[in-house]
Structures are given as structure tokens and as C-alpha cells.
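J.: Fold the following.
(chains A and B)
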Protein chains: 2
Amino acid sequence: MVNTSIITIGDELLIGQVIDTNSAWMAQQLNKSGIRVNRRVAVGDVWDEIWNALDEESKHADIILITGGLGPTADDITKPLLCKYFGGKLTVNELALQNVTMLFEKIFKRPLTERNIKQAEVPDVCSVIQNKRGTAPGMIFEKNGKIFISMPGVPHEMKGMMESDVIPLLSSRFEVPYITHRTLMTFGIGESMIADRIQDFEESLPTHIKLAYLPNYGMVRLRLTASGKDKQAIDQEVDNLFATLQELVSDHIVTNRDEKMEEVVAKLLTQQQKTLSTAESCTGGFIAHLITSIPGSSAFYKGSIVSYSNEIKKELLDVMDQTLEEKGAVSEEVVIQMVKGSLKQLKTDYAVAVSGIMGPDGGTPEKPVGTVWMAAGNNREIITQKLHFRFERQLNIQLTAVNALNLLRKFIVENNKAG
Amino acid sequence: MVNTSIITIGDELLIGQVIDTNSAWMAQQLNKSGIRVNRRVAVGDVWDEIWNALDEESKHADIILITGGLGPTADDITKPLLCKYFGGKLTVNELALQNVTMLFEKIFKRPLTERNIKQAEVPDVCSVIQNKRGTAPGMIFEKNGKIFISMPGVPHEMKGMMESDVIPLLSSRFEVPYITHRTLMTFGIGESMIADRIQDFEESLPTHIKLAYLPNYGMVRLRLTASGKDKQAIDQEVDNLFATLQELVSDHIVTNRDEKMEEVVAKLLTQQQKTLSTAESCTGGFIAHLITSIPGSSAFYKGSIVSYSNEIKKELLDVMDQTLEEKGAVSEEVVIQMVKGSLKQLKTDYAVAVSGIMGPDGGTPEKPVGTVWMAAGNNREIITQKLHFRFERQLNIQLTAVNALNLLRKFIVENNKAG
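T.: Here you go, the predicted structure:
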């Protein structure tokens, strides 16, 4: 079994100024290629700590992937450190220099400085990965049978190098087992209730197949991970087990793929060739954003009226003044009228609407922070739901959006059965 | 100097299914309290690897914070492992049991199972942190003068424990230095150009003050970090240096605080008591989402028309049919009409509009993927900008949004000067 460690370098990771999305992406890609990531370590721009991390991770792993610390400024000490660690000397790489020169002439349209030229220098003991998306080249070192690969921390540049060079190199170099995952998502059932229900199934799993629970506020994803040599046999075995697992939680399954709620909704609408619009108050465009994150969503999604004020609700969504006064903006009646207004104004087959109080302010004794009304429907029928979240603003917004999409999903599925 | 390591546990972190936002948040809070985080390590739900991580991190650090692996299911092995590691015996904690019982009776409204009762068990060699937001209690262990604190991986629950128990405990226990940061954000100047410009400044910094560059696609944040014993002296010193730094890059500064572009815009609008609306095509509600992420944004933000189809642009934003036909949806003329439509329909002082091609499909030779037109203005004047991004869909959407907000920011600042 080949083991891999990822080292990310940068003070910003240790003071929490930046969230490390790089290593999640890298782990995903490596896993798909059968390369298991065992450890991820983040250290600051501190010479001794980077040096120690290289020493330690090479004890744990055969492959050590390093990102960050390759910029042109004084706090980026990774390149000289690697040069010393592997006993080399910094020399200009001609191809890297051509690349830097081209970028500054053609793309940045700024004069090339001494500092930029230095970016084309690499230790003479490494193989170079050319950076097609930026100035800092990647570097491959070997020591005591271990491979060390250093890449820039800029996500876009790192991703380019992983795809074009790193994954192909590692896949050809190591004999990797076949690893495969099957994931399903449930909604509206707790982690421990699922665990009780599938206890016998879980206990009967062979050792090379693992079950994981990924709970996320009302949604629980269940993931089977299988590994072995014989791809066909492993796929067959895990498919059979996955079918059993699906039966055990069938009444709560949203999807039997590793996909997001908005992708499930997008598929339904695409299959049915129906259109959707949204009318958002408290989510402030977040539902629209989730949907339009999906490539090709313009085929079914027409748009949203983000009505962050009562005037917009009245003028653009035809919500009645009287309803707002008598029931308040956060009420079943208002979200029903918002769905109707959205269907009419944006001329779509389906619409979904939300109105709530996301906090930290705006709550009242009758309608405390976290109270949300949502509605979904078409020209014939509208269903509603009231929920109450007890979290901070961002999480309340996210949960409202995903619950509204789930309400819409249920409506579309039921409506299709009925039709 | 007190050193801290964060260990996060969970296979989902190593196959990239989940992005680790917990440790960034923890690092932020610890830094504010003067506690430096040296290392962050992620390991899977694997007995030996968790055990090794405890051994190793206790060599590096005085404080070891652990999250994850405390759920009620079989893949959550952290609690029995900690029990063995510290030589204890699992026993029911009465307060934790009361909490679990209350949660199931009052909040979840589900029967309490054997599995849930087990969540109230803790090793008899730890101090317990009660979980006010969930079922799994936190645990504090001590060994060889090092403190180990285990918390659930659910962000909301971990945050509650950090605030109520962990930070107060650590602050009272260790004599921590004062650490302070000053951050400014620039726009439209590259990292190496800044570095050349401030080279003398950077080289003259005393050793207890560090400068970091945080580049992020056209925006570069510069951060000064100072530490020492004497709070007042340190603050004075770093404030003086920060003033010099601001002068050196004054023509490119967006803000001299660690705040986001949308927060800068929100402050300007609040100060001026002006209102804003948005008309979004390619960003699909993301600009609205950024703005409404800010608590209290309803004071200045009225809403958005997300016009993901040409019909919506025509019907709700009064974009002319002829313009769409002759110039196309991604054109200067269309975004100008979108701003006018937004100002009129949503009755606001300012409006910002975007239209572009985010990819992966939809590009043409004349308007390749990444082409974006944006406009910002009021009833007297509208300014426009054309940009071209070369990234993947998500990043193109984010960059379009932040650039549109920057265009709006510049317009508001200039307009205020003129007015």
C-alpha cells in the first residue's frame, strides 16, 4: 500500500485567515487514482517547522506532496529550503524563464523584474514541472526512495500541475490498489437512528469494505469504501452491498450518488424539461447561487427575484400589502404569494420561495431568529413548510437553502408520480 | 512561547469529501487570545494513525486540540482510543446523560436509544466539557505536562465549547504573549510589484514583526504580525509601521482592515445612508449572497433581479430586444440597461450589474468563456468595465462578483467626492 502525506505551507493557514481547500481537492484526485492520503499537515512559513515536517512525513509516507511558499516575496522560503534539504544549487530553468517572460509580456503586460526572473530558478537536483497557469515552477525530488513534489499554493496553478504531471507520474510509478466509493444521501433521519437500523449490515461488512457516516445537519451521507486488486470483483461486491444499504434506508434517500441537493434538483428538472424560478427573501440569492453553480443550469433556470425588502415583495412578486401587515413577512401566506408571484413574473413551471429571520438580529418572541417559512409549487398546487434553525447567520442561510431545495425536490417527485 | 497543534480526525478529510473549516476557525480564535498554532494535522479514522498523531504532536506542542471522531457510530473510534491512551475506564457522566436525555425528549422528539446513552460515557481520567449544542461531551486530559482537549467535529458544537470552556481555560493556564495583526487589501497590483515597492520597508522590519503577502487573483492582502509582552508598546510600534505601509501602497488600497470587499461596500453605503440593488446574469445571485451575508444588510440592500434568461432581462429589467439581438447579452450596452432597469424597478440609489460567460460552455470566438461586462452607477452616471477570466466556473463567478463590487466601490467613492 502506497502512503501519501500532504504538507501545506503558509502562516495564513495557522492564523485561520485562509481555509485550506487545496488539500481536499488533492485528496479527491489522488483517491480517484487509487492513491491513499494518510496525513495532511499544515505548517507556517518557518524554516525549522517546514524542515521537521519534511523529515517526519517522509517517515510516514512514500509520496510527500507540498503546496505553498513558492511566491516571489521574502516570506516564501520553501524553494531555498528545499534546495538545501536536498543538497542542490539554485539555477535558472530555461523553459520556466521562457514561461515567466511570456506571461509578463503577453498576459500581465508589465515589465519583467529581477524578482520575477528569480521565480524561474530551481534547485539543480530536481525535475521541473512547468507551470502553464502561473510563474512558479513545480519541483520533483527523490530521497531514500521517497518522492517529494512541491507545487505553488495558488489553487488554479496547483490543479493544473496535478492533472498534467503529478497524477500521471504517481500512477505510472506505483502499483496502486483499486479504491472505489459509493455514497448515498439521506434527509430527515438522525445518525444514530440510521446506525441502529443498519447495525447488522455494518457488522457483516468484510474488512476491505468500510462504512462511514457523514452527518451534516439533518442530512446524513453514508459512504462505502472498498479497495483491492481486482477492479471487477470489487465493483461487483460493493455494488451488491450498496444495493442492500439503499433498501435499508430507502424511505429517506435523496440520492444514491455523491452529489449535492442542487444537482439532484437540476437532474429532475432537466429530465422533465421543466423550468424553475426562485423568490428569495432571507437566503438573499443563495438558492439562486447554488443552482447556477451547476454548468448548463440556464437550460432550466430562469432567474430569481431576491426581495430583501417588503416593497420588492409587493411590487415585483405581487405580495399583498394586507398580508404583510396582518401576517408579517415571515408567514405561510407570504411565501405562498411569493411562489405565485415568481411563477407569474418569471413564467416558469416550478417556483420555490423562502422568508425567514437569519439573525443575529430581527427576532421577536413570536418569531425568534431562525424561523423560516418556505413554499414550493406550480400553477396547480403549492406546498409549504415551517422550520426553525438555531445556528449562526451563515449556517441558517445554508440550511434554509438546502431545505427549500429538498421541499422543491419532494414536490417535483410527487407531482411527477401524480401526473 | 506556548505551542499548539490541532489534530482533526476523519476519513472524509483524507478523501477530500469535506473541507476542513474547523481548524481555520479554531486557529483564528486561538490567535486572538495570543495562542500560536504551530501545526495542523489531519488523520483518518484509523487507530494507529490517531495514536501516532497524539504521540507526535505532544512532542511539538504544549496544547493538543482534537476534533472529530466522537459520533455515536462504529467508525467513530476516538473516545475508546483516548480512554486507552490515557489509561482510563469509560463511565457515564451524569450531567452529559441529563443533556442527551433532554435533547432527545425536548428537541429531537425521538426515543433515547442505548447508542445515545453511550454518548454520555467518558473516560474517568478526563475533565468533561458539557456540550450545550449536541450530544457528544468534550474531554480534557493531561499527560507529561501537556493538555489534550477532544471536541466533536460538528462545527457548531466545537465552536460552543471553544468559546465557553477551551479558550478561557487555556488563557488562564498559560502565560501567553500578546499577538496582534494589521491587514490591508490592495486591488489591481501584483505581488511582486508590491514587493519591489516596499522592499526597503520590509528589510527594515524588526524580528518580532513579520510581513506576509496573501495574493488572491488581483487582490493582495498585506499582513503585519507583531508579538511581545508589552501590549501598549507593541500596538504603538505596529501602528506606526502599518501607517508607513499604507502610504507605500496608498494608490491601490481597498481597505486597511481585515475585511472583505462586500464589507467595505456595506460600510460605505451605511455611512452614506444610500440603498443598493443588483441585476445579475452570470453570477446567478452570488453578488446578492455576498452582500446579504453581512448582518444588517437589509438596511441598505433592497434586492436583486437574477436574470438568467434574456426574457427576464427584457421583462423585468427593460433591456431592449434590439440591443440583445445586435450586441448580445454579454455587452456593454446590456449591462448599462441592466443597471438602469435595476435602479428603476428596485428604486435604489445605486445599482450594479454583470453579464458574462462563466463556462465551461457558452463561449464563442468573439466572446470566449470568461468574458464579462459589468456596470455600476446611479441615476446620473454609469461606469462600465470589461474583464476576461481564464479559470473554472466557480472561480470565474467569484472573481466576477468581487470585481463588480470593486467597480461599485470605486463609483461610490468617486461619486461622493464629486458630490
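J.: Could you point out the helix or strand that follows the helix or strand of chain A with the lowest mean pLDDT?
T.: When each helix and strand of chain A is scored by mean pLDDT, DSSP states H and E, strand A:209-216 comes last, with a mean of 86. Later in the chain than strand A:209-216, the nearest helix or strand by DSSP states H and E is strand A:219-228.
J.: What helices and strands are in contact with that following strand?
T.: Here strand A:219-228 is seen to pack against strand A:178-187, helix A:191-197, strand A:209-216, helix A:231-248 when contacts are counted using 3 or more CB pairs under 8 Å, 6 or more residues apart in numbering or on different chains; DSSP states H and E. Placement of C-beta: from N, CA and C, glycine included.
J.: possible to save those as TSV with distance to residue B:99?
T.: Below are the helices and strands packed on strand A:219-228 laid out as TSV (distance: least, CB to CB, whole Å):
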stretch	distance to residue B:99
strand A:178-187	25
helix A:191-197	15
strand A:209-216	18
helix A:231-248	30
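J.: Considering those, which stretch scores lowest in mean pLDDT?
T.: For the helices and strands packed on strand A:219-228, mean pLDDT drops lowest on strand A:209-216, to a mean of 86.
J.: ok, and what's touching that strand?
T.: Strand A:209-216 is contacted from outside by A:190-191, A:194-195, A:198, A:202, A:205, A:220-226, A:237-238, A:241, A:245, B:11-12, B:17-18, B:45, B:71, B:73-75, B:154, using CB atoms under 8 Å, 6 or more residues apart in numbering or on different chains.
J.: Any of those residues buried? List them.
T.: A:190-191, A:194-195, A:198, A:202, A:220-226, A:237-238, A:241, A:245, B:11-12, B:17-18, B:45, B:71, B:73-75, B:154 (16 or more other CB atoms under 10 Å in any protein chain shown).
J.: Residue A:33 and residue A:169 touch, don't they?
T.: No - with contact defined as CB atoms under 8 Å, residue A:33 does not reach residue A:169; the gap is 10.7 Å.
J.: For residue B:269, find the nearest of the helices and strands packed on strand A:219-228.
T.: Closest to residue B:269 of the helices and strands packed on strand A:219-228, according to CB to CB: strand A:209-216, at 34.2 Å.
J.: In its sheet, which strands sit next to that closest one, and in what direction?
T.: Sheet pairing of strand A:209-216 (DSSP bridges) gives strand A:219-228 (antiparallel).
J.: Quick one: work out the angle between the strand it pairs with and helix A:231-248.
T.: With axes from the mean of the first three to the mean of the last three CA atoms, to 10 degrees applied, the angle from strand A:219-228 to helix A:231-248 works out at 150 degrees.
J.: orientation of strand A:219-228 relative to strand A:178-187 in degrees?
T.: Using the same axes, to 10 degrees: strand A:219-228 against strand A:178-187 is 160 degrees.
J.: Which residues outside strand A:219-228 are in contact with it?
T.: Identification of contacts with strand A:219-228 by CB under 8 Å, 6+ apart yields A:34, A:177-187, A:189-191, A:194, A:198, A:208-214, A:234, A:237-238, A:241-242, A:245, A:249, A:254, A:258, A:261, A:402, B:11-12, B:15, B:17.
J.: which residues does residue A:178 contact?
T.: Residue A:178 sits next to A:34, A:227-231, A:234 when contact means CB under 8 Å, 6+ apart.
J.: With adjacent residues omitted, what lies nearest to it?
T.: residue A:231 (4.5 Å; CB to CB, 6 or more residues apart in numbering or on different chains).
J.: Then residue A:413?
T.: residue A:268 (7.1 Å).
J.: Need phi/psi at the one you found.
T.: Backbone torsions for residue A:268, taken as degrees, to the nearest 10, come to phi -60, psi -50.
J.: who are the neighbours in contact with it?
T.: By CB under 8 Å, 6+ apart, the contact list for residue A:268 reads A:409, A:412-413, A:416.
J.: Same check on residue A:58?
T.: Applying CB under 8 Å, 6+ apart to residue A:58 gives the contacts A:64, A:143-144, A:146, A:148.
J.: Three-state assignment for it, please.
T.: Using DSSP: H, G, I helix; E, B strand; the rest coil, the structure places residue A:58 in helix.
J.: which parts of the stretch 51-200 of chain A sit against chain B?
T.: A:52-53, A:56, A:60, A:71-76, A:108, A:110, A:113, A:115-116, A:154-156, A:181, A:183, A:190-193, A:195-196 (CB under 8 Å from any CB of the partner chain).
J.: which SS state does residue A:341 fall under?
T.: Recorded secondary structure, residue A:341: helix (three-state DSSP).
J.: Measure how buried it is and give me the count.
T.: The number of residues packed near residue A:341 is 23, by other CB atoms under 10 Å in any protein chain shown.
J.: Does the nearest residue to residue A:321 once chain neighbours are set aside lie in a helix or a strand, and which?
T.: Counting by CB to CB, 6+ apart, residue A:314 is the residue found nearest to residue A:321 once chain neighbours are left out, at 6.1 Å. For residue A:314, the host element (DSSP H and E) is helix A:310-317.
J.: following that helix, which helix or strand shows up next?
T.: Taking DSSP H and E, what comes next after helix A:310-317 is helix A:321-327.
J.: ok, now how distant is residue A:205 from chain B?
T.: Distance, residue A:205 to chain B, using CB to the nearest CB, to the nearest Å: 10 Å.
J.: Can you tell me the closest non-neighbouring residue to that residue?
T.: residue A:211 (6.1 Å).
J.: so residue A:341 touches residue A:314, yeah?
T.: No - with contact defined as CB under 8 Å, residue A:341 does not reach residue A:314; the gap is 9.4 Å.
J.: Look through chain A and tell me its longest helix.
T.: helix A:393-418 (DSSP state H).
J.: What residues of that helix count as buried?
T.: Using 16+ other CB under 10 Å as the test for burial, helix A:393-418 gives A:393, A:395-409, A:411-412, A:415.
J.: That one packs against which elements?
T.: Where contact means 3+ CB pairs under 8 Å, 6+ apart, helix A:393-418 is packed against helix A:261-272, helix A:286-292, strand A:350-356, strand A:371-377, strand A:382-388.
J.: what number of residues lie near residue A:141?
T.: By the criterion of other CB under 10 Å, residue A:141 has 22 neighbours.
J.: got TSV for the contacts of residue A:178, with distance to residue A:88 and neighbour count too?
T.: TSV is the format used below for those (distance: CB to CB, whole Å; neighbours: other CB atoms under 10 Å in any protein chain shown):
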residue	distance to residue A:88	neighbour count
A:34	31	18
A:227	37	18
A:228	40	17
A:229	38	9
A:230	42	11
A:231	40	12
A:234	42	19
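J.: so which of the residues you listed comes closest to residue B:272?
T.: Lowest distance from residue B:272 to the contacts of residue A:178 (CB to CB) belongs to residue A:34, with 57.3 Å.
J.: Can you tell me the SS state at the closest one?
T.: Following three-state DSSP, the label given to residue A:34 is coil.
J.: Now do it against residue B:226, distance only.
T.: From residue A:34 across to residue B:226, the span is 47 Å (CB to CB, to the nearest Å).
J.: Same check on residue A:331?
T.: Applying CB to CB, the value for residue A:331 to residue B:226 is 52 Å.
J.: pretty sure residue A:21 contacts residue B:18?
T.: No - contact criterion CB under 8 Å: residue A:21 and residue B:18 do not qualify, at 11.0 Å.
J.: doesn't residue A:392 make contact with residue A:359?
T.: Yes - between residue A:359 and residue A:392 there is a contact at 6.8 Å, judged by CB under 8 Å.
J.: who has more neighbours, these two?
T.: A side-by-side neighbour count of residue A:359 and residue A:392, using other CB under 10 Å, places residue A:359 first with 22 against 17.
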